[in-house]
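**Q** got a predicted structure here, sequence first:
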Amino acid sequence: MNASALNFSRSGFDLILPIYRQRCSATPEYLADIAHTKRLLERWEGDDAFRELLQHSPSEATRRYGLQSDAEALRPVWDAKFDQSTPDLAECVKRHRAFVGEKMAHREELRRTSKPLSPNFHAWRTRQMARTTSQLGAVRAHGIVHPLAAFELSKGCSVGCWFCGVSAPKLGDIWEYNDAHRGLWRDVCQVWREEIGPASEQAFLYWATDPIDNPDYEKFACDFHELCGYFPQTTTALPLRDVERTKRLLRLSEERGCLLNRFSLLTLKILDRVHEAFSPEEMTFVELVLQIRKETLSKAVAGRTLEKALKTGVTDYQAGTIACISGFLVSMVDRSVRLISPCPASERWPLGYQIFGEGTFNTAEEFRTVLQRLTSPEVMPSTVNWQRRVGLRRDLSWQVGERGLTVSSTFLHQTFGGLDGEALEKLGQLLAQGDLSAEQVALQVGADLPTVFLTLNQMLAVGVLDEEPEYQHAGV
Ligand code: SF4
């Protein structure tokens, strides 16, 4: 959905404004309306007792919890039984829906328009996005934006969530902002911008780490903003460690144009304290990721959650991932780079991402060399190499029907034509076999060679050919 396609209007009382990127277009009253609706919904999502009371007595629920929004008017957004075809929705409902629509449109825009300078990288990222849709299903996959990089500024994480989807180790080294590190960091940002172009802004400064663990996080973020063009989004599970610092960070981030930050909250008690410490207005552009439910299967099954499910003998789970980047995971502590992309967690990829290559650097120029190697056609081919092994992804089945060769995952069917039925049958068999080079496959299919390669390249472009790396890092 394009933001401009959203239905904003200024007629009479039906005042719906785009506020996500044009905050000054709305009055404080308008923003407060959005903020208080959001607060009610956070309480609704995280607090069973509130949800129950709200069902029976909306006015009593808002009074008891000190909420200022009109819960009855907001019924269409929290009551699953509400008749959504009702024509007259309250203005607060329309405003809230427009705001959510803007956020979703922006997320989709980032998925679609973040285009690195390297055509290899662009084609590779596009097909990783297609592959994740096929492997995770459209609903889960569309929640993944596929930013181009994550830079870690410490080693491990002090929060220690039992469910950590990336199995973050205990907090170790913190990369401080001293003169030497400042110089290297700024040079790395510069190289990142030069190699990737304007899309370099689609990165953030944490991974299996919490940004707040690094006392100099804000300084690194300001450098990134200055050199790469965007103040990186912050997600923290530690908003209460130093409330004044968090508030300063939110203000700094907003002043510098960052659109959204996130708090990840682990318990109802923490939600209570966050609601006490931060006003609804301060939280308008801070999403809450509520991890309050304790059951293993309410989390993405990856990392420690996967370990726990396997240990306790739970079998009816659908493997997931919290990984979101299709690009570079850079540790400034280890000076390492890994090329990664999300996948359902498995024994082979327990952290929910595949690793396609890696390198190390000591200087910014060495960082450039690693980036150039990992974006080369060797690592990111944009067409099928006739000498290389070619096969279908192992999670796919195939069959030939009237419309062509259909390959299917649990979630998606994709059909390829262009060849006659007999040739497609042969192609399906050889790709499922998966042990021949593209040249051998093309010759054995026995059809027009350019057409076979065209079909193979179409299959590569939408992520159905097996690119799962042979490579596996020793530490994973
Ligand atoms: S989920 Fe996030 S906050 Fe929790 S341990 Fe992992 S990295 Fe840290």
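**A** Noted; the coordinates are in hand.

**Q** the ligand contacts on the protein?
**A** Taking C-beta under 6 Å from any ligand atom as the criterion, the neighbours of the ligand within the chain are 157, 159-161, 164, 166, 168, 208, 210, 237. For every residue, glycine as well, the C-beta is placed using N, CA and C.

**Q** quick one, which of those residues are buried?
**A** Using 16 or more other C-beta atoms under 10 Å as the burial test, the residues of the chain next to the ligand include 157, 159, 161, 164, 166, 168, 208, 210, 237 as buried.

**Q** which residues of the stretch 351-476 of the chain fall in helices?
**A** Using DSSP state H, counting those that start in this stretch, the helices found in the stretch 351-476 of the chain span residues 364-374, 421-433, 438-445, 449-461.

**Q** backbone phi and psi for R97, please?
**A** Phi and psi for R97, reported as degrees, to the nearest 10, are phi -60, psi -40.

**Q** thinking again about what came up before, deepest of the helices of the stretch 351-476 of the chain, which one?
**A** Among the helices of the stretch 351-476 of the chain, judged by mean count of other C-beta atoms under 10 Å, the one packed with the most neighbours on average is helix 438-445 (a mean of 20).

**Q** contacts for that one?
**A** Helix 438-445 is contacted from outside by 384-388, 390, 419, 423, 426-427, 430-431, 436, 449, 452-453, 456, using C-beta atoms under 8 Å, 6 or more residues apart in numbering.

**Q** ok, 10 Å please
**A** Contact partners of helix 438-445, identified using C-beta atoms under 10 Å, 6 or more residues apart in numbering, comprise 383-391, 419, 422-431, 433-437, 448-453, 455-457, 460, 465.

**Q** what comes up buried for stretch 20-32?
**A** Buried positions in stretch 20-32, judged by neighbour count with 16+ other C-beta under 10 Å: 20, 26, 30-32.

**Q** I misspoke; the intended subject was stretch 232-248.
**A** Taking 16+ other C-beta under 10 Å as the neighbour-count basis, stretch 232-248 is seen to contain the buried residues 232-240, 246.

**Q** any chance of CSV for the helices of the stretch 351-476 of the chain, columns mean pLDDT?
**A** Converted to CSV, the helices of the stretch 351-476 of the chain look like this (pLDDT from 0 to 100):
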stretch, mean pLDDT
helix 364-374, 98
helix 421-433, 96
helix 438-445, 96
helix 449-461, 97
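
**Q** of the ones you listed, which is nearest R112?
**A** Using C-beta to C-beta as the criterion, the shortest distance between R112 and the helices of the stretch 351-476 of the chain is 15.3 Å, found for helix 449-461.

**Q** and that closest one, what does it pack against?
**A** With contacts defined as 3 or more C-beta pairs under 10 Å, 6 or more residues apart in numbering; DSSP states H and E, the packing partners of helix 449-461 are helix 119-136, strand 389-390, strand 404-408, strand 413-416, helix 421-433, helix 438-445.

**Q** which one of the buried residues of stretch 20-32 is nearest to L227?
**A** Proximity to L227 was ranked across the buried residues of stretch 20-32 by C-beta to C-beta; first place goes to Y20, at 24.9 Å.
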